[in-house]
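J.: Need coordinates for the below:
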Amino acid sequence: MQQTIALLRSWDPKAARIVVALAVVSGIADALLMITASAGLSRAVAGERPTFVQIATYLALFATSNLTLSRAISITCNELEQSLRTLRERIVDKIRRTDLLTVERLGSSKLYTELTQDFDTISLRLPALLTNMQDVVVLLLTTLYIAWISLSALVVVAILTALVMRWYTRVADKMQSRYFSMLERQNALIHLIQGVIDGFKSLRLSTRKTQAVQRNIDAESRRLEGEMRSLGVENSLGSSLSIAYTFVSLGCVVFLVPLIDPKMKTVIVEIATLLLFSLSPLAGLASALLSTTQLEARLLSLRGIESALTAVTPPPADDTTKTETFAQLRGFERLEYRGVTFHHRDDDQVLFTCGPLDFTLERGERVFVVGGNGSGKSTFMNLLCGLYVPDAGTVSADGLAVTDTNRDALREQFAAVFTDFHLFDRFYGHEDVAAETVNQHLTELSLAHKVTYRDGAFSTLDLSSGQRKRLALAAALVDDKPVYLFDEWTADQDAEFRKRFYDEILPRLAAQGKTCVVVTHDDRYWDKADRVIKLDGGRIVSETRPATATARP
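T.: This is a model prediction of the structure:
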């Protein structure tokens with residue numbers, strides 16, 4: 001319950017006190033309802049007729065119970081959603097400010113699950129615990145009432161209650177362990193299903209591949225089924241035990257206690273009725289066992305994500321320092337990377353090393369990065385723009401060292417179209433951009449017949465791969481950054497647009513003083529570069545300057 005209690009403590013203290021008070025009042029009203037009903041039944045058996053006061057009391061208690069519980073649930077939902085919104089915003093803020101490697105390690109499937117399904121589970125499960133608080137009050141008061149009218153009956157009920165509670169306590173930890181295992185299986189299955197959706201085209205072209213993926217999904221589904229079945233059995237046993245507890249208690253009170261306490265015959269109807277009424281609160285508390293387990297697991301998982309992000313997210317720099325650093329970097333003439341090294345790891349095992357890299361990037365130059373698959377080109381680009389934080393080495397701009405405190409300012413100098421780019425439907429951060437400016441870019445990129453920019457958004461994103469990359473380039477041009485990174489941008493372009501990219505777009509950017517770093521396999525256009533950097537095994541193995549580069553203005 002630690003995580004659940006910690007979440008409740010984030011609420012407004014006054015609202016929390018009101019919720020507790022309302023739940024207690026509702027529980028008292030429910031308990032009095034049960035006592036009034038059982039006493040009325042006992043009188044009816046004795047031949048007495050209900051009075052107006054008794055009926056009015058019953059209706060007043062009924063109204064009190066429902067009104068106070070409704071109000072408590074309303075306040076609970078309000079405070080809970082505010083807390084969850086704050087938590088969600090905090091986690092998303094840390095995600096956007098963390099480094100790329102951390103996001104890659106956490107995995108998109110897990111993050112999606114945490115920020116959607118986990119929040120939904122908490123939002124639905126926690127308010128139900130409010131009725132469980134009411135159930136506790138009901139059971140406590142009815143137990144006291146039973147003690148008042150028959151001490152013998154209380155002893156029997158108390159013994160049975162102690163045995164049941166001992167079982168619940170022992171099974172709670174076991175259920176939480178099972179639930180964590182279920183979450184891991186669930187995340188693994190979501191990852192596999194996401195692969196089916198993202199890789200739909202390639203799967204439809206290969207029966208063998210489709211069947212292999214399906215076998216993997218089936219195996220993971222069976223494992224998840226096993227975990228869910230175990231949880232379901234444990235939860236059902238809890239509910240069944242609460243029912244069994246009620247009827248065993250009822251049997252003992254009806255058949256056993258009268259043998260010990262002859263006075264029981266005068267109150268046996270009332271006690272039996274109370275025990276039957278207790279069936280619903282007991283079942284509610286049994287189901288609360290699973291709800292609490294789920295809440296704790298989901299909250300622990302969210303806290304784990306937040307802790308992982310907090311550990312690598314530097315505190316934001318003050319506005320003055322940020323503005324000054326940004327201005328210095330914005331006007332850079334040379335970016336220098338000295339001894340920069342980065343390791344891709346799986347736990348403690350190094351899978352790939354990029355570097356050490358010694359590299360200089362000059363203002364306004366065009367640098368082509370070439371190399372085979374797995375040579376480290378993508379890692380090189382991520383290091384260049386600060387998405388990857390180097391494990392060793394230094395980065396500087398005109399002698400100003402780039403550190404954790406100003407790395408954001410370095411990233412702000414880059415606009416990029418990566419191979420795995422995401423296309424937003426609007427220009428976030430440039431909401432005031434003129435539609436005429438954007439549509440002019442679309443015309444220059446031969447997209448005006450397919451998409452237009454109006455009312456702050458693109459008319460459609462339903463484009464071919466090459467057109468989507470051109471639209472991504474239009475978005476990058478609106479960013480107007482000093483450095484542009486293009487990772488295999490021409491791979492999906494036709495011959496005409498490939499030629500336009502090298503002969504028109506890159507020279508135009510260079511004329512504007514923009515630095516362009518291009519990952520490319522188009523060797524026929526390498527003469528358009530000022531420098532060609534070749535990577536192999538994560539290192540720069542050659543750096544050449546095409547003869548035509550020296551003749552350029």
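J.: list the helices and strands the longest helix that the chain contains packs on?
T.: The longest helix of the chain (DSSP state H) is helix 151-198. Counting contacts by 3 or more C-beta pairs under 8 Å, 6 or more residues apart in numbering; DSSP states H and E, helix 151-198 is packed against helix 108-113, helix 128-149, helix 207-251, helix 257-260, helix 279-312. (Each C-beta comes from the backbone N, C-alpha and C, glycine too.)
J.: Just read off the phi/psi values of Tyr484.
T.: As for Tyr484, its main-chain torsions (degrees, to the nearest 10) stand at phi -120, psi 130.
J.: so who does it touch?
T.: Contacts here follow C-beta atoms under 8 Å, 6 or more residues apart in numbering; on that basis Tyr484 touches 414-416, 476, 509, 514-517.
J.: Show me the beta-bridge partners of it.
T.: Ala415, Cys516 (DSSP bridges).
J.: Leu477 versus that one, what's the distance?
T.: 9 Å (C-beta to C-beta, to the nearest Å).
J.: joint contacts of these two?
T.: With C-beta under 8 Å, 6+ apart, Tyr484 and Leu477 have common neighbours Ala415.
J.: Poorly predicted segments of the stretch 201-350 of the chain, please.
T.: For the stretch 201-350 of the chain, the stretches flagged by pLDDT under 70 are 235-243, 245-246, 263-266, 279-280, 282-291, 311-324.
J.: from the contacts of Tyr484, which single one is nearest Val155?
T.: Checking these against Val155 by C-beta to C-beta gives Ala416 as the nearest, at 75.1 Å.
J.: Report the contact partners of the closest residue to the closest one other than its chain neighbours.
T.: With C-beta to C-beta, 6 or more residues apart in numbering as the criterion, Ala416 has its nearest non-adjacent residue at 3.9 Å, and that residue is Leu485. For Leu485, the contact set (C-beta under 8 Å, 6+ apart) comprises 381, 384-385, 414-418, 517-518.
J.: confidence score at Leu485?
T.: Predicted confidence (pLDDT) at Leu485: the value is 95.
J.: Who wins on neighbours among the contacts of Leu485?
T.: Within the contacts of Leu485, neighbour counts (other C-beta atoms under 10 Å) peak at Val518, which reaches 26 neighbours.
J.: I'd like the distance between it and Gly371.
T.: Val518 is 13 Å from Gly371, by C-beta to C-beta.
J.: Next: Arg43.
T.: Applying C-beta to C-beta, the value for Arg43 to Gly371 is 92 Å.
J.: between these two, who's got more neighbours?
T.: Neighbours around Arg43 and Gly371, counted as other C-beta under 10 Å, are more numerous at Gly371. The numbers are 21 against 16.
J.: I'd assumed Leu33 was in contact with Phe62.
T.: Yes: judged on C-beta atoms under 8 Å, Phe62 makes contact with Leu33 at a distance of 6.2 Å.
J.: Give me the more crowded residue out of these two.
T.: Each of Phe62 and Leu33 has its neighbours counted (other C-beta under 10 Å); Leu33 has more, 20 against 15.
J.: for the more buried one, phi and psi?
T.: Per-residue torsions, Leu33: phi -60, psi -50 (degrees, to the nearest 10).
J.: residues touching it, list them.
T.: By C-beta under 8 Å, 6+ apart, Leu33 lies in contact with 58, 61-62, 65.
J.: now for those, which pair is the farthest apart?
T.: Tyr58 and Ser65 (10.7 Å).
J.: More neighbours: the two, which one.
T.: Set Tyr58 next to Ser65 and count neighbours by other C-beta under 10 Å: Ser65 wins out with 21 against 16.
J.: Name the nearest residue to the more buried one, ignoring sequence neighbours.
T.: Ser65's closest residue in space is Ala29 (C-beta to C-beta, 6+ apart), at 3.8 Å.
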